[in-house]
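**Student:** Following is a predicted model, sequence given first.
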Amino acid sequence: MSEANAKTVQSGKPTVQFSWTMAALLSFPMAFLYVGYVMGFADFRLMTYRNPAVILFTLLYILLVSQGAERSECKASPESRVWAGCLLLTAASLCFYQPVSFLALWQILALHLEAVYWTLCRTQCLIHNQTSGSFLLEFVWGGLVGPMRRMLLRIHVLSTAVRDYLTHRSGQKLSPGLIGLSLFLAGGIGMLAWSLLSGADPFFAEVAAAAGTILFSGVSPQIMLTLILSLPVGAWLFGLAGGCLASTKPLFSQSQWKTSMARIQVLPAFTTALVLSVLCLIYILFFAVEAFVYLRLLISGAITVTVACQYAVQGFWQLCGIVILNLSVLAALRSTSEVPLLTSKRLHAAAKLFCLCTLAFVLLAGVKLGIYAFVFGLTLRRILAVWALSVLSAATLLAFLGLFRSVPAARWTVLYSITSFTLLCCVPLENWIPLL
């Protein structure tokens, strides 16, 4: 990938050329900053992410990728600004509040997710040019598969730059293999000559020792190890950002995505109706048993604080799992059903009943969580459980509305979940909870 093939921006101003060589060189100090100070490896504070370096790295990453995107004619969408804002707020909350519990781990995971997806959004590598139902596929491809496939992109860019420079200087066309062999031979022979001359004359040996001391006096073993570890990190960073900038189109075009989704719509209407009917019957039976048992206890006056606490603590996460299962089943059936759920009256009615059952499970989980928090008070885990339940509630309501009108349920669910979590982390929860 040579400089001649770089994209340019045509405007009233002079043409600004995107330099792949400069981008590849900048990935080295960026990786060292991340490994040494964001992760804290240079001063034995591994996996901290709770220092000003995380804000500095985030700002530099956003600035460099944005500059590359502008020079590659990628316009910033309003949604990319939302992801950039979430990324900066997450970095700031990690730096200023410095959480030490499991919340820090979730924030670190959110930080990386936001960085990857903002990069895809800013470089126009999303399938639908915005957050959509393909979010999970885009994240896996952009954060794992794509950078791993482009781990050697930085080596390719730098070797091409060296080859072009030497070709220009020598007037001969040189291959990367020949350049590498030449450097290896020159370096090996030079080191051998240096060693022999150091043994031949003690004064030259003293000069050689002094030169080595000057060159490596400020480099500790920890710094050397940080440099070594930063090499694969820098390759991954350049594979992510540089690979997105080099891509002229996303993983799938919108037409290819629609064609692929149309090909998997092979599930017969009978199977769709049977799955929905069986699940609805099981759920109705569950609610009937719940109502019968607890109404009987209520009438007999047998509900005490202990019984209420047992009711609240049992089955909350299982109910959340049922809600996730139902949303997954509904999304899978809408994607694979041969007959669309909105066109068949029977399937539409079954889907509405299915969503109502899911809403009932959300309400039941909310009641359990409310009782438990009222009796035992709020903790960090319970506050995060409230947030998780709010995300499930939003997803269920959007899925229910999607049965009546065209609603991008997946898009709004993802945006709500990431923005609400980011805003929640802007509150010093670990400091406030003991005061509640």
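**Tutor:** Looks like it came in fine.

**Student:** CA atoms for contacts and neighbours, from now on please.
**Tutor:** Noted.

**Student:** where along the stretch 301-436 of the chain do the strands fall?
**Tutor:** Assigned strands in the stretch 301-436 of the chain: none (criterion: DSSP state E, counting those that start in this stretch).

**Student:** low-scoring stretches of it, by residue?
**Tutor:** Counting by pLDDT under 70, the low-confidence segments of the stretch 301-436 of the chain come to 301-312, 433-436.

**Student:** which SSE is residue 298 in?
**Tutor:** Taking DSSP states H and E as the definition, residue 298 sits inside helix 269-300.

**Student:** Which elements pack onto that helix?
**Tutor:** With contacts defined as 3 or more Cα pairs under 8 Å, 6 or more residues apart in numbering; DSSP states H and E, helix 269-300 has these neighbours: helix 345-376.

**Student:** orientation of the helix it packs on relative to helix 269-300 in degrees?
**Tutor:** 40 degrees (axes from the mean of the first three to the mean of the last three Cα atoms, to 10 degrees).

**Student:** The helix or strand harbouring residue 169: how far from the chain's middle?
**Tutor:** Element membership for residue 169, per DSSP H and E: helix 153-170. Put simply, helix 153-170 sits 33 Å off its chain's centre (Cα atoms, centre = their mean, to the nearest Å).

**Student:** Report the separation between residue 70 and residue 207.
**Tutor:** Distance of residue 70 to residue 207, given as Cα to Cα, to the nearest Å: 50 Å.

**Student:** Which one's more surrounded, those two?
**Tutor:** Higher neighbour count among residue 70 and residue 207: residue 70, with 20 against 12, using other Cα atoms under 10 Å.

**Student:** Make sure that one is indeed in a strand.
**Tutor:** No - going by DSSP: H, G, I helix; E, B strand; the rest coil, the assignment for residue 70 is helix, not a strand.

**Student:** residue boundaries of the helices in the stretch 301-436 of the chain?
**Tutor:** Using DSSP state H, counting those that start in this stretch, the helices of the stretch 301-436 of the chain run over residues 305-313, 316-336, 345-376, 380-401, 409-425, 429-432.

**Student:** Go ahead and name everything in contact with the second one.
**Tutor:** Think helix 316-336. Residues outside helix 316-336 that contact it (Cα atoms under 8 Å, 6 or more residues apart in numbering): 261, 264-267, 272, 340-341, 351, 354, 358, 361-362, 364-365, 368-369, 389, 392, 395-396, 399.

**Student:** picking that back up, which helices and strands does the helix holding residue 169 pack with?
**Tutor:** Helix 153-170 packs on helix 20-33, helix 176-200, helix 221-246, going by 3+ Cα pairs under 8 Å, 6+ apart.

**Student:** buried ones in the second one?
**Tutor:** It stands for helix 176-200. residue 198 (16 or more other Cα atoms under 10 Å).

**Student:** repeat for stretch 24-40
**Tutor:** 24, 27-28, 30-40.

**Student:** remind me which residues of the stretch 51-200 of the chain are low pLDDT?
**Tutor:** 170-180.

**Student:** hmm, back to that, quick one, which of the helices and strands packed on helix 153-170 is nearest to residue 80?
**Tutor:** Nearest to residue 80, of all these, is helix 221-246, at 14.3 Å by Cα to Cα.

**Student:** Could you point out the helix or strand that follows that closest one?
**Tutor:** helix 254-263.

**Student:** For the helices of the stretch 301-436 of the chain, give me a markdown table that also has distance to residue 118.
**Tutor:** Formatted as a markdown table, the helices of the stretch 301-436 of the chain follow (distance: least, Cα to Cα, whole Å):
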| stretch | distance to residue 118 |
| --- | --- |
| helix 305-313 | 38 |
| helix 316-336 | 25 |
| helix 345-376 | 31 |
| helix 380-401 | 21 |
| helix 409-425 | 12 |
| helix 429-432 | 26 |
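
**Student:** Quick one: these as JSON lines, columns for distance to residue 294 and mean neighbour count too.
**Tutor:** Below are these laid out as JSON lines (distance: least, Cα to Cα, whole Å; neighbours: other Cα atoms under 10 Å):
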{"stretch": "helix 305-313", "distance to residue 294": "10", "mean neighbour count": "14"}
{"stretch": "helix 316-336", "distance to residue 294": "17", "mean neighbour count": "17"}
{"stretch": "helix 345-376", "distance to residue 294": "13", "mean neighbour count": "18"}
{"stretch": "helix 380-401", "distance to residue 294": "23", "mean neighbour count": "18"}
{"stretch": "helix 409-425", "distance to residue 294": "34", "mean neighbour count": "18"}
{"stretch": "helix 429-432", "distance to residue 294": "35", "mean neighbour count": "14"}
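
**Student:** of all those helices, which lies closest to residue 229?
**Tutor:** Closest to residue 229 of the helices of the stretch 301-436 of the chain is helix 409-425 (Cα to Cα; 29.6 Å).

**Student:** Doesn't residue 76 lie inside a helix?
**Tutor:** No - secondary structure of residue 76 (three-state DSSP): coil, not part of a helix.

**Student:** That one: what's its closest spatial neighbour, skipping adjacent residues?
**Tutor:** residue 122 (5.7 Å; Cα to Cα, 6 or more residues apart in numbering).

**Student:** contacting residues around that neighbour?
**Tutor:** Counting by Cα under 8 Å, 6+ apart, residue 122 makes contact with 66, 69, 74-77, 80.

**Student:** Closest to the mean position in the protein, which residue would that be?
**Tutor:** For the chain, residue 113 is the residue whose C-alpha lies nearest the centre (Cα atoms, centre = their mean; 1.7 Å).

**Student:** what's near enough to touch the closest residue in space to residue 55 that isn't next to it in sequence?
**Tutor:** Among residues not flanking residue 55 along the chain, residue 91 sits closest, at 5.5 Å (Cα to Cα, 6+ apart). Counting by Cα under 8 Å, 6+ apart, residue 91 touches 54-55, 58, 111.

**Student:** picking up where we left off before, and the angle from the helix holding residue 169 to helix 176-200?
**Tutor:** 80 degrees.

**Student:** and the angle from helix 153-170 to helix 20-33?
**Tutor:** Angle between the axes of helix 153-170 and helix 20-33 is 140 degrees (criterion: the same axes, to 10 degrees).

**Student:** Enumerate the positions of helix 153-170 that are buried.
**Tutor:** So for helix 153-170, counting by 16+ other Cα under 10 Å, buried means 153-154, 156-164.

**Student:** cool, stretch 107-127 as well?
**Tutor:** Buried residues in stretch 107-127, defined by neighbour count with 16+ other Cα under 10 Å: 107-108, 110-111, 113-127.

**Student:** and stretch 244-252, how far apart are its ends?
**Tutor:** End to end - Cα to Cα - stretch 244-252 spans 13 Å.
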